[in-house]
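Colleague: all I have is the shape, not the residue letters:
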């Protein structure tokens, strides 16, 4: 599928994998990328990259990806200014890591210390619910455009109309200390399989990439000692994956209509028991 002149939405686009995907899409000559991020620097990030590309290809939208009104504003603004959005990579995510269950002593009484339900709900909201709704809104953008043109069920002669890549994680297979993060990423697998089945009616593909430990602020926050002692020895590359390596894989998945399902880009990650 040709990416040139398409309109994309990338959440978490001001840093890490999301930022690298924005850059790769600009290199692929998309018409515009709606760069969605909650951070203050999303405008500066877009301005810097636009200057490098010599055109205003990246359009900043600052807000919380979990807010439905904000999501609708982003899509409606892009649709009214440029046309239907046909690419979506909802990459925004957070971690709230700790062991699921601990015990503590309070004045001689042993009590359970169970993972915060508030933290669990927040991680699920950002990592699981929000990406699904940003993806579904992109499918709606394509569906509405096709309906206005009097088109019904997609047929192969039309070529693919759009593509979504959900961002999973090697942690979806289970990872110590990541009960909320691992659950959220595993949940995306069910969403990907369902959307892939439904969205093709409108000519939209939905796939998913499971990156290994990537050199982002989220992974660096784990600490230098943990990365050196617990992560790098269990990867075949013996280094963190670069964000641009994941971005290249994401663009490949967007472009190649024969790619479906899930891709593990894990650098040979084989964790110990």
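Modeller: Alright, I've got the coordinates. Note that the structure is a prediction, hence the values are computed from the model and not measured.
Colleague: okay, CA-based contacts and neighbour counts for the rest of this
Modeller: Noted.
Colleague: list the contacts of the longest strand along the chain.
Modeller: Ordering each strand of the chain by length in residues (DSSP state E) puts strand 204-211 first. With CA atoms under 8 Å, 6 or more residues apart in numbering as the test, strand 204-211 has contacts from 139, 142, 160-170, 189, 192-193, 195-196, 199, 246, 250, 253, 257, 259-266.
Colleague: repeat for stretch 20-31
Modeller: By CA under 8 Å, 6+ apart, stretch 20-31 touches 3-8, 10, 13, 32-33, 35, 49, 53, 57-58, 243-244, 246-248, 250-251.
Colleague: look up phi and psi at the nearest residue to residue 87 once chain neighbours are set aside.
Modeller: In this structure, residue 87 finds its nearest non-sequential neighbour in residue 8, 4.4 Å apart by CA to CA, 6 or more residues apart in numbering. According to degrees, to the nearest 10, the main-chain angles of residue 8 amount to phi -120, psi 160.
Colleague: leaving out chain neighbours, which residue sits closest to residue 124?
Modeller: Residue 124 sits nearest to residue 184 (CA to CA, 6+ apart), 5.4 Å away.
Colleague: where does this structure dip in pLDDT?
Modeller: 272-273 (pLDDT under 70).
Colleague: which parts of it are strands?
Modeller: 7-11, 32-37, 58-62, 87-90, 101-106, 109-114, 162-167, 204-211, 261-265.
Colleague: ok now the longest one, how far from the chain's centre?
Modeller: If I follow you right, that is strand 204-211. Here strand 204-211 is found 9 Å from its chain centre; the criterion is CA atoms, centre = their mean, to the nearest Å.
Colleague: and if you look at the last one?
Modeller: How far strand 261-265 lies from its chain's middle: 13 Å, per CA atoms, centre = their mean.
Colleague: same check on stretch 113-120?
Modeller: Relative to the chain's own centre, stretch 113-120 is displaced by 24 Å; criterion: CA atoms, centre = their mean.
Colleague: and it, how far apart are its ends?
Modeller: End-to-end span of stretch 113-120 (CA to CA, to the nearest Å): 14 Å.
Colleague: nearest residue to the middle of this structure?
Modeller: Centroid check for the chain by CA atoms, centre = their mean gives residue 91 as the closest residue, at 2.2 Å.
Colleague: and the gap between that one and residue 230?
Modeller: Where residue 230 is concerned, residue 91 sits at a distance of 25 Å (CA to CA).
Colleague: circling back: would you mark the buried spots in the longest strand of the chain?
Modeller: Of the residues in strand 204-211, 204, 205, 206, 207, 208, 209, 210, 211 count as buried by neighbour count, 16 or more other CA atoms under 10 Å.
Colleague: ok, stretch 73-86 next?
Modeller: Residues of stretch 73-86 classed as buried by neighbour count (16+ other CA under 10 Å): 74, 75, 76, 78, 83, 84, 85, 86.
Colleague: just the ones of those residues in helices?
Modeller: Secondary structure from DSSP state H places 74, 75, 76, 78 of those in helices.
Colleague: return the member of the residues you listed nearest to residue 176.
Modeller: Set against residue 176, the nearest of those by CA to CA is residue 74 (36.3 Å).
Colleague: I figured that closest one hits residue 33, correct?
Modeller: No: Residue 74 lies out of contact with residue 33 (CA atoms under 8 Å); the separation is 10.9 Å.
Colleague: still on that earlier bit, turn the buried ones among the contacts of stretch 20-31 into a named PyMOL selection, would you?
Modeller: Burial among the contacts of stretch 20-31 is assessed by 16+ other CA under 10 Å; the matching PyMOL selection reads:
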select buried, resi 3+6+7+8+10+13+32+33+35+49+57+58+243+244+246+247+248+250+251
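Colleague: next, the distance between the ends of stretch 97-106.
Modeller: End residues of stretch 97-106 are separated by 23 Å (CA to CA).
Colleague: about what we covered before: any idea which of the ones in helices among the buried residues of stretch 73-86 is closest to residue 102?
Modeller: residue 74 (41.9 Å).
Colleague: can you tell me, leaving aside adjacent residues, what's nearest to that closest one?
Modeller: Leaving aside its sequence neighbours, residue 74 sits nearest to residue 61 (CA to CA, 6+ apart; 7.0 Å).
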